[in-house]
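Asker: Predicted model, plus sequence, below.
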Amino acid sequence: MRLMQAYVLGTFVSGIDTIYLFLSHQESVYQRYAGAGLDANDLGLIMALSIPMSYYLLIENKGWTVWVYRIQLILAGIAILLTASRGATLATLVAVSIVPLTQARLTGRQRIALILTVSLLVYGALLFVPSSSWERLSTLPSEFAHGTLTGRTIIWKAGWEIFRAHPFLGIGANAFRLIVSRVLAEPIRLDQSLFLPPAPPAHNTFLSVLVEQGVIGFAVFCALLGVLAVSLRAMPPFPQRLWIVSFGVWVVGVSSLTWEMRKPTWFFFGLILAQCGSMAWKRGTQRHSSALAKCQLKRSARLTTVNAIDSV
């Protein structure tokens, strides 16, 4: 819980900075805004991952602290729209699915508060988000149907050709940028002094691992994800749905980002392991307490029997 709170509270820094940069007309890239010196797409996914956590903390807490999480949800939504990240927007649609999945837990007062939060989010989006962001996000269907997803599909095809040449052991860690620039029809140079763009990353975490580590490394990575997914089965329903939704947010988000080495990825994995570990510890404690109670009950019964015999 404390780790989730730390993550959610940390998003206030970049979220508020994003709004400040928008109000001061300081673009991260053309007509897109991202605070704390972050890439707009990275910030969008960081914010999208915070939505299920913030909602979970909102339901699990009482008092004035719930307003912190309500404000954070509004701030996260506005920041994602200001980044104009299409991948983060899709991940956000997955994130908000936690609401219908957990609506049975909501009281009448919580449902009213949730409607109020959504209303404030819509008002904030209309107030802060510029038309350029809406226009960029509206191109998502056409990009899927006929576009290249801002050149991503071209990079993916080049990455697939590299994988076919090195299928088992891959090309080595962090080598995608260098090698793919040689495979592209128009190689991208690494010399920044000539004001040329850097060699592109994979823009897909799974493809990046597959190309750099080969089938063997990709199998290890998938095994890690499989263990995390299976570990969710032992959780209570509400935390289980939280992490299932968060897992979906991460999968959708990293399908257009290179995030296998990023801190939010491993922080998210660590949170799942931490909760699984705490559940196992609680079950062990409960079994120990139950066994101790049974031993005490048997001992009490024996003492009662002995006292009855002495009385006779």
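Answerer: Everything's here; your move.
Asker: Tell me the buried residues in stretch 205-220?
Answerer: Using 16 or more other Cβ atoms under 10 Å as the test for burial, stretch 205-220 gives 205-214, 217-218. Glycine gets a C-beta too; all of them are placed from N, C-alpha and C.
Asker: and these, which of them are in helices?
Answerer: Counted as lying in helices by DSSP state H, out of the buried residues of stretch 205-220, are 205-214, 217-218.
Asker: Return the member of the residues you listed nearest to L178.
Answerer: Nearest to L178 among those is E212, at 10.8 Å by Cβ to Cβ.
Asker: farthest-separated two in the buried residues of stretch 205-220?
Answerer: Farthest pair in the buried residues of stretch 205-220, by Cβ to Cβ: T205 and G214, 15.4 Å.
Asker: for this structure, what spans make up the helices?
Answerer: 2-23, 40-60, 65-83, 86-95, 98-101, 108-128, 131-138, 140-145, 152-165, 176-183, 205-231, 237-254, 263-311.
Asker: and the last one, average pLDDT?
Answerer: If I follow you right, that is helix 263-311. Mean pLDDT, computed over helix 263-311, is 73.
Asker: can you check the shortest one too?
Answerer: Per-residue pLDDT values over helix 98-101 give a mean of 92.
Asker: which residues touch the closest residue to I155 other than its chain neighbours?
Answerer: Excluding the flanking residues, the one nearest I155 by Cβ to Cβ, 6 or more residues apart in numbering is P200, at 5.2 Å. Neighbour list for P200: 151, 155, 177, 180-181, 188 [criterion: Cβ atoms under 8 Å, 6 or more residues apart in numbering].
Asker: So which of these is the closest to T265?
Answerer: Closest approach between those and T265, by Cβ to Cβ: R177, at 18.4 Å.
Asker: ok, now which ones touch G151?
Answerer: Counting by Cβ under 8 Å, 6+ apart, G151 touches P200.
Asker: Sketch out the low-pLDDT regions of the stretch 51-200 of the chain for me.
Answerer: Applying pLDDT under 70 to the stretch 51-200 of the chain flags the ranges 185-198.
Asker: if we go to 90?
Answerer: Across the stretch 51-200 of the chain, the ranges flagged by pLDDT under 90 are 61-65, 102-114, 127-128, 143-151, 154, 177-200.
Asker: before we move on, back to that, need phi/psi at the residue nearest to I155.
Answerer: Here is the backbone geometry of P200 (degrees, to the nearest 10): phi -80, psi 150.
Asker: separation between it and M47?
Answerer: Using Cβ to Cβ, to the nearest Å, we find P200 at a distance of 24 Å from M47.
Asker: same check, this time on T83
Answerer: Relative to M47, and taking Cβ to Cβ, T83 is found at 8 Å.
Asker: residues contacting the spatially most central residue of the chain?
Answerer: Residue closest to the mean C-alpha point of the chain, counted by Cα atoms, centre = their mean, is L49 at 3.3 Å. Listed by Cβ under 8 Å, 6+ apart, the contact set of L49 reads 7, 91, 95, 246, 249-250, 253, 264, 268.
Asker: out of the contacts of P200, which one sits closest to H166?
Answerer: V180 (12.3 Å).
Asker: Nearest residue to that closest one in space, please, no chain neighbours.
Answerer: Nearest non-adjacent residue to V180 (Cβ to Cβ, 6+ apart): A158, at 5.0 Å.
Asker: What residue, apart from its backbone neighbours, is nearest L21 spatially?
Answerer: Y33 (5.0 Å).
Asker: Could you do E161 as well?
Answerer: V183 (5.7 Å).
Asker: same question, P236
Answerer: Distances taken as Cβ to Cβ, 6+ apart put M279 closest to P236, at 7.9 Å, once the chain neighbours are dropped.
Asker: Over to Y55?
Answerer: Spatial nearest neighbour of Y55, chain neighbours left out: I98 (5.6 Å); criterion: Cβ to Cβ, 6+ apart.
Asker: gap between the one you found and F218?
Answerer: 29 Å.
Asker: and if you look at L57?
Answerer: Distance from L57 to F218, counting by Cβ to Cβ: 34 Å.
Asker: again with Y123
Answerer: To F218, Y123 is 45 Å away according to Cβ to Cβ.
Asker: ditto for T107
Answerer: Relative to F218, and taking Cβ to Cβ, T107 is found at 45 Å.
Asker: again, but for A95
Answerer: Computed with Cβ to Cβ, the distance linking A95 and F218 is 26 Å.
Asker: and what of F267?
Answerer: 22 Å.
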